[in-house]
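> attaching a predicted model along with its sequence, questions to come.
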Amino acid sequence: MKLFVVMILSLFLIQGCEAQTKLPAEMPESITIYLNESGGMMRAYKKITIDEGVLEFKELKGGQQNPQKWSANVAREDLEKLYKIFVENKFDTIKNDERKGIVYDAGSESISISVNKLKSFGVTYGKNSPLSGKNLQKYQAVRRALYNLVAKYQTGNQTSGETN
């Protein structure tokens, strides 16, 4: 009987030992968030940066000469909602699967968050940096929240070329 109780308790303990996030529960004073998409060998990219409450968006599509650029001030409450998604998904615990080969013309996407300019956590996703299962779900939840925030602030802010 004691062995049964010990086994049950150890199962609960193992469940409780699931990777714990190192991200503070409450949003710190300063966070910086980056999303970078590369087109592999194609001349295309997307860069999103949120720093000091300012969202900067820059995108170059395949045939364009100049990137589209815009920026916007982000409300603190919107940043807090985005940060909460990072915490809820334990972003800093996301681990890539083992790579099974190399794809030479593979684009990739990276998301990172910096807390008070001291700690930084990042995840890269693409054919050379695979994710699956819960790790993929967590990554996609963070990515979706980031793109939703960008969509909210994008309206009317778009300019073309290097002049912005």
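Structure received.

> what's the neighbour count on P130?
P130 has 14 neighbours, counted by other Cβ atoms under 10 Å. Every C-beta, even on glycine, is put in place using the N, C-alpha and C of the backbone.

> show the pLDDT at the residue lying closest to G39 once chain neighbours are set aside.
Sequence neighbours aside, G107 is the residue nearest to G39 in space, at 5.0 Å (criterion: Cβ to Cβ, 6 or more residues apart in numbering). G107 carries a pLDDT value of 82.

> ditto for R144
R144 is given a pLDDT of 98.

> burial count for it?
For R144, the neighbour count with other Cβ under 10 Å is 11.

> surely it is within a strand?
No. Membership of R144 in a strand is not supported by DSSP: H, G, I helix; E, B strand; the rest coil, which gives helix.

> what's it in contact with, if anything?
Neighbouring residues of R144 by Cβ atoms under 8 Å, 6 or more residues apart in numbering: there are none.

> what kind of secondary structure is the most centrally placed residue in the chain in?
In the chain, the C-alpha nearest the mean C-alpha coordinate belongs to I111, at 3.4 Å (Cα atoms, centre = their mean). Taken by three-state DSSP, the conformation at I111 corresponds to strand.

> wait, it touches Q140, no?
No. Contact criterion Cβ atoms under 8 Å: I111 and Q140 do not qualify, at 10.5 Å.

> for the residue nearest to G39, give me its contacts.
G107 neighbours (Cβ under 8 Å, 6+ apart): E37, S38, G39, G40, M42, A44, G126, K127.

> run a quick neighbour tally on the fifth one.
The one in question is M42. Each residue near M42 was counted by other Cβ under 10 Å, and the total is 12.

> could you check the pLDDT of it?
Note for M42: predicted pLDDT of 75.

> apart from its chain neighbours, what residue comes closest to it?
Distances taken as Cβ to Cβ, 6+ apart put G62 closest to M42, at 5.9 Å, once the chain neighbours are dropped.

> which residues in the protein form strands?
In the chain, the segments counted as strands under DSSP state E are 31-38, 45-51, 54-60, 68-73, 108-115, 119-126, 159-160.
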